[in-house]
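**Q** sharing a model prediction with you, sequence too.
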Amino acid sequence: QVQLVESGGGLVQTGGSLRLSCAASGRTFSRYSMGWFRQAPGKEREFVATVSLSGGSTYYAESVKGRFTISRDNAKNTVHLQMNSLKTEDTAVYYCAASPGTIWDTRTFAVWGQGTLVTVST
């Protein structure tokens with residue numbers, strides 16, 4: 001099983017950009033679909049984006065499509081989330097997650113990092 005550590009969160013103004021990173025330990029990283037989820041204050045955790053084993057397929061929530069890009073580097077055991085045109089409603093704790101299943105079934109993401117806070121201010 002992989003262990004996940006996120007980084008890259010912080011404070012950014014509306015319209016700005018941030019790049020989140022997730023470092024995975026273990027030699028089985030390439031066997032996992034990877035994803036990003038987020039939890040805003042007072043809300044449930046929600047799906048943001050997922051990427052397939054090879055990185056060739058991606059899946060995005062409608063709320064971030066066209067603004068966020070997920071990618072992975074299997075040689076470095078890392079996953080990234082490039083976030084552009086940030087909005088105040090993007091404020092949340094962002095979690096990296098792994099799944100032995102497909103990118104389309106977000107319920108199978110059961111390995112989680114500790115999260116990194118993203119705050120978007122006006």
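**A** Yep, that arrived.
**Q** which strands or helices does the helix or strand encompassing residue 50 pack on?
**A** For residue 50, the element it lies in under DSSP states H and E is strand 46-51. Packing partners of strand 46-51 (3 or more Cβ pairs under 8 Å, 6 or more residues apart in numbering; DSSP states H and E): strand 33-39, strand 58-60, strand 68-73, strand 78-83. C-beta: built from backbone N, CA, C; applies to glycine.
**Q** so what strands line up beside the helix or strand of the chain with the lowest mean pLDDT?
**A** For the chain, using mean pLDDT, DSSP states H and E, the weakest element among its helices and strands is strand 111-112, scoring a mean of 95. Strands flanking strand 111-112 in the sheet, each with its direction: strand 92-99 (antiparallel) (DSSP bridges).
**Q** show me what the residue nearest the centre of the chain bridges to in the sheet.
**A** Centroid-nearest residue in the chain: residue 36, 2.2 Å away (criterion: Cα atoms, centre = their mean). With DSSP bridges as the criterion, the beta-bridge partners of residue 36 are residue 49, residue 96.
**Q** now it: how far from residue 84?
**A** Distance, residue 36 to residue 84, using Cβ to Cβ, to the nearest Å: 14 Å.
**Q** re the thing from before, what sits up against the strand holding residue 50?
**A** Outside of strand 46-51, the residues within contact range by Cβ atoms under 8 Å, 6 or more residues apart in numbering are 33-39, 57-61, 64, 68-72, 79, 81, 94, 99, 103-104, 106, 109.
**Q** next, the buried residues of it.
**A** Neighbour counts using 16 or more other Cβ atoms under 10 Å place 47, 48, 49, 50, 51 of strand 46-51 among the buried residues.
**Q** grab the nearest non-local neighbour of the second one.
**A** Put plainly, it is residue 48. Counting by Cβ to Cβ, 6 or more residues apart in numbering, residue 48 lies nearest to residue 36, which is 4.4 Å off, once chain neighbours are set aside.
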